[in-house]
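Peer 1: Any chance you could fold what I've pasted below:
(chains A and B)
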Number of protein chains: 2
Amino acid sequence: MQPIRVGLMGLGTVGTGVVRIVEGHRDDLEKQVGSPIVIEKILVKDKSKSRRMTVADSLLTEDPRDIVENPDIDVVVEVMGGVESTRELILSALERGKHVVTANKDLMAVYGPEILAKAAEKNCDVFYEASVAGGIPIIRTLIEGFSSDRLTKIMGIVNGTTNYILTKMSQEGASYADVLKEAQELGYAEADPTSDVEGLDAARKMAILATLGFRAEVSLGDVAVKGITSVTREDIVYAKRLGYEIKLLGIAERSGDAIGVSVQPTMVKVSHPLSSVNGVFNAVYVYGEAVGETMFYGPGAGELPTATSVVADLVAVVKNLKLGVNGRRMFTPYKEKKLKTADEIKSKNFLLLHVDDKAGVLARITQVFAEHNVSLESVIQQPNPSNPSAEIVIVTHEASQASLNNVLAHLTDLPVMRKIQSHYRVEG
Amino acid sequence: MQPIRVGLMGLGTVGTGVVRIVEGHRDDLEKQVGSPIVIEKILVKDKSKSRRMTVADSLLTEDPRDIVENPDIDVVVEVMGGVESTRELILSALERGKHVVTANKDLMAVYGPEILAKAAEKNCDVFYEASVAGGIPIIRTLIEGFSSDRLTKIMGIVNGTTNYILTKMSQEGASYADVLKEAQELGYAEADPTSDVEGLDAARKMAILATLGFRAEVSLGDVAVKGITSVTREDIVYAKRLGYEIKLLGIAERSGDAIGVSVQPTMVKVSHPLSSVNGVFNAVYVYGEAVGETMFYGPGAGELPTATSVVADLVAVVKNLKLGVNGRRMFTPYKEKKLKTADEIKSKNFLLLHVDDKAGVLARITQVFAEHNVSLESVIQQPNPSNPSAEIVIVTHEASQASLNNVLAHLTDLPVMRKIQSHYRVEG
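Peer 2: All right, here's what the predicted structure looks like:
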């Protein structure tokens, strides 16, 4: 009944949650793993800072070596964020045989392979359930639950901030700028929201999910990213009229050996289960050749939900410790990565065009689609009341990205084309 | 690279799926576990029967001893169903040190504790992911994903047959009898549908989920069960009017140490994610003190979805074999079971009453609720066009089952009461 000693790096939102769960669920945790779990040291930036949570002063340190080089510590729980210096600390902890639990998607999306290789070398565990979709155990599900299947599609609403913004825009008809401001006041968006609204946060998570789901090392640079900053109220109104909601979707898909991973605002059919995932909730939709359609839904962030995943990983580390099998149950990609070309990435598409309001325009425009073999599912033309032009809304059948790019380039060249107001991928 | 040898008991729908996945995903499975997985023997009732799938005659046997007593077999995969004789075969296989993967909820709900105890004694694995909710990895999620949390509520649509019937009744206004007949023709319901429509199948699954989620041994006899045979079109129309769908829900809930588990047709608010789970799909909604609201959605049955879960368990057994830790990663309940009394089981309720259409009736009826401290959320009274009585629809605030039972008894005694047409639990 030797206690398991944890070094906690970070005492922000998630770190506070970890302390609350490890202390509050002490008995349950001990009954499951057979040992008490004790937080031995907590790394903070400033010991003198006032905190929501009272922590014994002797637990706090400002020196990472008190954790990384501390021989009494068995497991390092990293919830402080950061990439470069955090990478060094984690590698240093692994070098000393300490197991690692991290919630750091920025770190894992960039240095995951290096960190996991070091862990394997040292027979250490590195678990990172909390790095994607907060309280949803999606990483376990992909590694273990679907070990028997061959997945073809993983679509995720994996960023709560942007889903909150798009939900508010859809439900209240508010503008992007107004909702962003409100989200910042409520603490749902950061003062600098770039990483969220430009889709980078979601891209990191999709690189992790694609690697696990397709068993090939997908890196952040493989993800095509577009954020939500140009989504307008008008787009959302048209989406609704056609039976869609606009969501920032991460989409990882596989056909044969070829993988495509992207993040972009997407029109999701209202009959698709992802369309009704609202506010700061996250959801990951997984399609497997054998299992078919599944979806996993829950809170994407927050103190206790994220800490739930961190502490579940800690329980897994301790169970492995008891059995002496650390570092031997981790996932290793074994497939070679092959990325889809623009000819191989296929989707349905929505386009909203502002055109001159005169005879023959629709014929001229639809001809461009026909010339590039893009067939059309639906077309709506109507006068635009706010300016002396017409609006044309087109939803295409499935077409390659290459063909769509050609269509967009040729449409721009048409004399009757005033503006390609917006275009979206369509799913569901 | 010694192959892992599997004895498959049963070559029906799920068994066929298991053969397809083990053969079709051979490379992927071998890369994950480090050994080929080979199906060595298949137990069937009648070797001469014609099958959808061609299987080498030498693989088939009608004698269970060719699997259970076969020294070449490492893992027994049981997908033939049955309880008493299957229990004996499984115990006999465990006695000989064979690991077991089963999809048999009837067996696990009744003899789970005995089988798991024998497995622990023999250092064998027994996994049963496929026994609940087909392709959804909910058992792993409860054991590992939420190991750190204390769950308070598990609500499941865990029977595809009844969900198909209720969905059709809701969407098409069809009667129970007509939809049941159609479901039988489509193969979604058995010739004898009792186990499904009376809620017994769902009750078995809820006993398993409650045991895992609350870490106390909940048995089938602890589950209060009511089926869907008395759900009428009229009930569904009223449900819709008030913003509900009627679903057969398994509900396991905990307050403090007290657990209540039940299966009954329930009015689910349309804003609740379970309300839109339609057709033969399953979903399990899990609420934890720390994680909050989560939901897991997918196919509840079918050849390949169920086989996905069976083979994922097989992969877990083989990984444990490689590490020499079989029988040491299984879940063991460690809490004492304490069941809720009728005073402790609380819910909102819907009642549809047929009453005499005369002055003072509503006052008399609402007085009965007041006398038993059941407060009302909404009341609708209207003349019933089809007979010379009035209909009263009441939705209560949260009330104990004991109070509700008292109200129902006293309502029945009222001279103005013609019939308590229906009453449902309300969720969401």
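Peer 1: so how far is residue B:249 from the nearest residue to residue A:31 once chain neighbours are set aside?
Peer 2: Counting by C-beta to C-beta, 6 or more residues apart in numbering or on different chains, residue B:334 is the residue found nearest to residue A:31 once chain neighbours are left out, at 4.6 Å. All C-beta spots, glycine's among them, are computed from the backbone N, C-alpha and C. In this structure, residue B:334 and residue B:249 are 27 Å apart, going by C-beta to C-beta, to the nearest Å.
Peer 1: So for those two, which residue has more residues nearby?
Peer 2: residue B:249 (25 against 13; other C-beta atoms under 10 Å in any protein chain shown).
Peer 1: what is that one paired to in the beta sheet?
Peer 2: residue B:264 (DSSP bridges).
Peer 1: residues touching residue A:28, list them.
Peer 2: B:150, B:215 (C-beta atoms under 8 Å, 6 or more residues apart in numbering or on different chains).
Peer 1: Give me the pLDDT for it.
Peer 2: What the model reports for residue A:28 is a pLDDT of 95.
Peer 1: Now it: which helix or strand?
Peer 2: Element membership for residue A:28 (DSSP states H and E) is helix A:26-33.
Peer 1: now that helix, how far from the centre of its chain.
Peer 2: 31 Å (C-alpha atoms, centre = their mean, to the nearest Å).
Peer 1: For the stretch 101-250 of chain A, which segments count as helices?
Peer 2: For the stretch 101-250 of chain A, the helices defined by DSSP state H, counting those that start in this stretch occupy A:105-121, A:138-140, A:160-172, A:176-186, A:194-197, A:200-214, A:233-241.
Peer 1: Oh, that last question was meant for the stretch 301-428 of chain A, not what I typed.
Peer 2: A:303-323, A:361-371, A:401-413.
Peer 1: what's the most buried one of those?
Peer 2: helix A:303-323 (a mean of 25; mean count of other C-beta atoms under 10 Å in any protein chain shown).
Peer 1: And that one, what does it pack against?
Peer 2: strand A:4-9, helix A:13-24, helix A:26-33, strand A:75-78, strand A:99-102, strand A:126-127 (3 or more C-beta pairs under 8 Å, 6 or more residues apart in numbering or on different chains; DSSP states H and E).
Peer 1: returning to what we had before: how about the contacts made by the residue nearest to residue A:31?
Peer 2: Counting by C-beta under 8 Å, 6+ apart, residue B:334 has contacts A:31-32, B:215.
Peer 1: Out of these, who's the most crowded?
Peer 2: residue B:215 (22 neighbours).
Peer 1: Could I get the buried residue list for stretch A:255-272?
Peer 2: Buried residues in stretch A:255-272, counted by 16 or more other C-beta atoms under 10 Å in any protein chain shown: A:259-269, A:272.
Peer 1: Between those, which sits nearest chain B?
Peer 2: residue A:272 (10.9 Å; C-beta to the nearest C-beta).
Peer 1: Tell me the spacing between the closest one and residue B:410.
Peer 2: Residue A:272 is 48 Å from residue B:410, by C-beta to C-beta.
Peer 1: just to revisit the earlier point, would you mind writing the CA trace of the helix holding residue A:28 as CSV?
Peer 2: The C-alpha trace of helix A:26-33 is given here as CSV (Å, rounded to 0.1, in the frame of the first residue of the first chain):
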residue,chain,number,x,y,z
ARG,A,26,-9.7,9.6,-2.5
ASP,A,27,-11.4,6.5,-1.3
ASP,A,28,-12.8,5.5,-4.7
LEU,A,29,-9.5,5.9,-6.3
GLU,A,30,-7.6,3.9,-3.7
LYS,A,31,-10.2,1.1,-3.9
GLN,A,32,-9.7,0.9,-7.6
VAL,A,33,-5.9,1.0,-7.8
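Peer 1: how about residue A:23, what does it touch?
Peer 2: residue A:39.
Peer 1: looking at chain A, which helix or strand is least sure?
Peer 2: strand A:376-383 (a mean of 90; mean pLDDT, DSSP states H and E).
Peer 1: hang on, the earlier thing: need the helices of the stretch 301-428 of chain A in a markdown table with distance to residue A:85, can you?
Peer 2: Formatted as a markdown table, the helices of the stretch 301-428 of chain A follow (distance: least, C-beta to C-beta, whole Å):
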| stretch | distance to residue A:85 |
| --- | --- |
| helix A:303-323 | 20 |
| helix A:361-371 | 51 |
| helix A:401-413 | 38 |
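Peer 1: Of the buried residues of stretch A:255-272, just say which sits nearest to residue A:373.
Peer 2: residue A:260 (19.6 Å; C-beta to C-beta).
Peer 1: and that closest one, that's in a helix?
Peer 2: No. Counting by DSSP: H, G, I helix; E, B strand; the rest coil, residue A:260 is not part of a helix but strand.
Peer 1: and the gap between the residue in the stretch 301-428 of chain A positioned nearest to chain B and residue B:173?
Peer 2: Residue nearest to chain B within the stretch 301-428 of chain A (C-beta to the nearest C-beta): residue A:311, separated by 3.4 Å. Distance, residue A:311 to residue B:173, by C-beta to C-beta: 48 Å.
Peer 1: ditto for residue A:290
Peer 2: From residue A:290 over to residue B:173 the distance is 35 Å, taken as C-beta to C-beta.
Peer 1: So for these two, which sits in the more crowded spot?
Peer 2: Taking other C-beta under 10 Å, residue A:290 and residue B:173 do not tie; residue A:290 has more neighbours (25 against 11).
Peer 1: who are the neighbours in contact with residue A:239?
Peer 2: By C-beta under 8 Å, 6+ apart, the neighbours of residue A:239 are A:245-246, A:267, A:350, A:424.
Peer 1: Turn the helices of the stretch 301-428 of chain A into a markdown table, columns for mean pLDDT.
Peer 2: Shown next, in a markdown table, are these (pLDDT from 0 to 100):
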| stretch | mean pLDDT |
| --- | --- |
| helix A:303-323 | 97 |
| helix A:361-371 | 95 |
| helix A:401-413 | 97 |
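Peer 1: Would you map out the domains in chain A?
Peer 2: Domains of chain A are assigned by automatic domain parsing as A:4-133+A:303-323, A:138-299, A:346-427.
Peer 1: need the residues of the stretch 301-428 of chain A near chain B, please.
Peer 2: Counting by C-beta under 8 Å from any C-beta of the partner chain, the stretch 301-428 of chain A comes close to chain B at A:302, A:304-305, A:307-312, A:314-316, A:319, A:323, A:325, A:328-329, A:334.
Peer 1: Swap in 10 Å and give it another go.
Peer 2: A:302-316, A:318-320, A:322-325, A:328-329, A:331-335 (C-beta under 10 Å from any C-beta of the partner chain).
Peer 1: Just list what the helix or strand just after the helix holding residue A:28 packs against, helices and strands only.
Peer 2: Remark: after helix A:26-33, the chain's next helix or strand is strand A:37-43, criterion DSSP H and E. On a contact count with 3 or more C-beta pairs under 10 Å, 6 or more residues apart in numbering or on different chains; DSSP states H and E, strand A:37-43 meets strand A:4-9, helix A:13-24, helix A:26-33, strand A:60-61, helix A:65-68, strand A:75-78, helix A:303-323.
Peer 1: can you redo those as a markdown table with distance to residue A:241?
Peer 2: Output for those, formatted as a markdown table (distance: least, C-beta to C-beta, whole Å):
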| stretch | distance to residue A:241 |
| --- | --- |
| strand A:4-9 | 49 |
| helix A:13-24 | 39 |
| helix A:26-33 | 50 |
| strand A:60-61 | 56 |
| helix A:65-68 | 55 |
| strand A:75-78 | 47 |
| helix A:303-323 | 35 |
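Peer 1: Tell me which of the ones you listed lies nearest to residue B:2.
Peer 2: Between the helices and strands packed on strand A:37-43, helix A:303-323 lies closest to residue B:2; by C-beta to C-beta that is 21.6 Å.
Peer 1: what sits against the closest residue to residue A:97 other than its chain neighbours?
Peer 2: Leaving aside its sequence neighbours, residue A:97 sits nearest to residue A:122 (C-beta to C-beta, 6+ apart; 5.8 Å). Residue A:122 makes contact with A:91, A:93-99, A:326-327, according to C-beta atoms under 10 Å, 6 or more residues apart in numbering or on different chains.
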